[in-house]
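1. have a look at this prediction, sequence included:
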Amino acid sequence: MVPMSAARMNSLRNLTFVAAGGAVGTSLRAAGFLAFSPAEGGFPWITLSENLLGAFLLGLLLTGALRHRPDSAFLRLFLGAGVLGSFTTFSAFAVDLVALPMAGRPAAAAGYLALSVGGGLAAAALGLYLGRGRTGPRTPREGPPSTPPAPGSHST
């Protein structure tokens with residue numbers, strides 16, 4: 001048996017992070033649908049809510065948690081791509097967006113589109129803003145602290 005290279009092991013570890021996070025995010029999304037069963041032909045409030053929450057949390061993750069640990073494959077892959085990537089759903093959004101006018105509700109489709117895109121951008125921006133505010137701005141170090149002058153020396 002040929003030993004696995006470090007790069008291949010790293011790739012498998014990263015894939016495992018995404019897959020495990022995907023299982024968590026998909027389960028959370030399904031739990032939302034089970035807890036708040038949408039009415040047949042009703043407005044897709046659950047998909048909209050989950051997508052807005054996911055956009056907000058991803059913005060928060062990107063500026064908050066990843067600022068402290070930018071090289072963390074776990075945070076980036078497990079939480080970002082895995083959990084939040086599978087919690088949010090573009091495919092359900094697209095199907096809902098097509099189904100609403102087919103059910104004779106073009107105004108609802110237009111509202112859903114505006115709320116999803118505009119709300120998603122606003123939610124992501126809020127997450128980015130709050131994530132940056134909680135951790136404070138990044139400032140470069142100004143060098144070592146100055147030492148006081150030695151006793152008896154003259155400072156100019």
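-> On my side now, so go ahead. Residues are numbered from 1 along each chain as shown.

2. just want the most central residue of the protein.
-> Centroid-nearest residue in the chain, with Cα atoms, centre = their mean: residue 58, separated by 1.6 Å.

3. and that one, how far from residue 34?
-> 23 Å (Cβ to Cβ, to the nearest Å). In short, each C-beta sits where N, CA and C put it, glycine included.

4. before we move on, what about residue 27?
-> Distance from residue 27 to residue 34, by Cβ to Cβ: 10 Å.

5. distance check, residue 3 against residue 9.
-> On the measure of Cβ to Cβ, residue 3 and residue 9 end up 10 Å apart.

6. quick one: which of those two has more around it?
-> Taking other Cβ atoms under 10 Å, residue 3 and residue 9 do not tie; residue 9 has more neighbours (11 against 7).

7. secondary structure class for the more buried one?
-> helix (DSSP: H, G, I helix; E, B strand; the rest coil).

8. got it, and residue 4?
-> coil.

9. once you drop chain neighbours, what's closest to it?
-> Ranked by Cβ to Cβ, 6 or more residues apart in numbering and with sequence neighbours excluded, the top spatial neighbour of residue 4 is residue 12, at 7.8 Å.

10. state the mean pLDDT of the helix or strand where that neighbour lies.
-> Element membership of residue 12, judged by DSSP states H and E, is helix 6-35. Per-residue pLDDT over helix 6-35 has a mean of 92.

11. got the buried residues for it?
-> If you call a residue buried by 16 or more other Cβ atoms under 10 Å, then helix 6-35 has these buried ones: 14, 17, 18, 21, 22, 24, 25, 26, 28, 29, 32.

12. look up how far residue 101 lies from the residue nearest to residue 4.
-> 44 Å.

13. shaky segments in the chain?
-> 1-2, 134-156 (pLDDT under 70).
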